[in-house]
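Engineer: have a look at this prediction, sequence included:
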Amino acid sequence: MQRLLKLSLIDALAETSLKASISDITSESYSNPGVLLVQEFRKNNQIYLSLSPNGRLEAFFMVGWSEIVLHGQSIDCVFLGLSAATSMRKGSGLALTLYRRFFHDAIQAANVSNRPVAWWFNTASPIVAGVMWRLAKDIGPKPDGTLSARHQELLTSIQDRYNFSPFKDGQVPCVLRGFAQARYSPVEVARLSARRTKESSILDHWHINEAARDRVIFVGQCFPSR
């Protein structure tokens, strides 16, 4: 049976073997894992881990809690950072389980503060976008590319907070051009190409080019449940 753990990122990285496993798994999906991990270790402060029955790391998901100002009010805002699974467990639902645990925790935090918890992530992968469209109760842009006024306000606050202006696309507000440092591995590129031959995505319509470091920002909120 899989074990799911949540640790502070500092504690996780203090374990040499665990840090090495994170690097090994990342290298299966990205061609420049060292560059990517340096920035992810800087931006995130918690990590969810999926361990096999014998304690082997099979998937992880980093998140970074901070705050933004929205409508003149300071609220929690979480960057949904790097997630990856071993090549043998891709498509098995391990990452999905970690995402669900995060959303559960975010709703609990919203209940405690009685304020919504904002979140955001960026990706060039229609596979990742598709998973989040199915999972998140509140998300923008939608699969058809539309962005509500509320999501636009949240997007603007996040872009201002992190100074994304130099990368903003002139026509599509949620698209960043030449933004990312990460590059997918050849195996991951082939997996995404195979997916595109079966089903197109709004990311294709927007000409999101992973090799050119393009990304789409997705935003949403978890609201108090009581």
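Structural biologist: All right, it came through fine.

Engineer: can you name every helix or strand that whichever helix in the chain runs longest contacts?
Structural biologist: Longest helix in the chain by number of residues (criterion: DSSP state H): helix 94-113. With contacts taken as 3 or more C-beta pairs under 8 Å, 6 or more residues apart in numbering; DSSP states H and E, helix 94-113 sits against strand 3-8, strand 46-51, strand 57-70, strand 73-85, strand 117-123, helix 126-135, strand 215-222. (Glycine included, C-beta is placed from N, CA and C.)

Engineer: tell me what the helix or strand bottoming out on mean pLDDT in the chain is packed against?
Structural biologist: The weakest-scoring helix or strand in the chain, judged by mean pLDDT, DSSP states H and E, is helix 186-198 (a mean of 81). For helix 186-198, the packing partners by 3+ C-beta pairs under 8 Å, 6+ apart come out as helix 126-135.

Engineer: any idea which helix or strand comes after the helix it packs on?
Structural biologist: Using DSSP states H and E, the helix or strand that follows helix 126-135 in sequence is helix 149-161.

Engineer: residue 175 contacts residue 212, correct?
Structural biologist: No - taking contacts as C-beta atoms under 8 Å, residue 175 lies outside contact range of residue 212: 11.6 Å.

Engineer: same drill for the two, tell me which one is more crowded.
Structural biologist: Between residue 175 and residue 212, residue 175 has the larger neighbour count (other C-beta atoms under 10 Å), namely 22 against 12.

Engineer: what separates the residue nearest the centre of the chain from residue 144, distance-wise?
Structural biologist: In the chain, the residue lying closest to the centroid (C-alpha atoms, centre = their mean) is residue 80, at 3.8 Å. Per C-beta to C-beta, to the nearest Å, residue 80 is found 22 Å from residue 144.

Engineer: excluding chain neighbours, what is closest to residue 89?
Structural biologist: Of all residues not flanking residue 89 in the chain, residue 58 sits nearest, at 5.0 Å (C-beta to C-beta, 6 or more residues apart in numbering).
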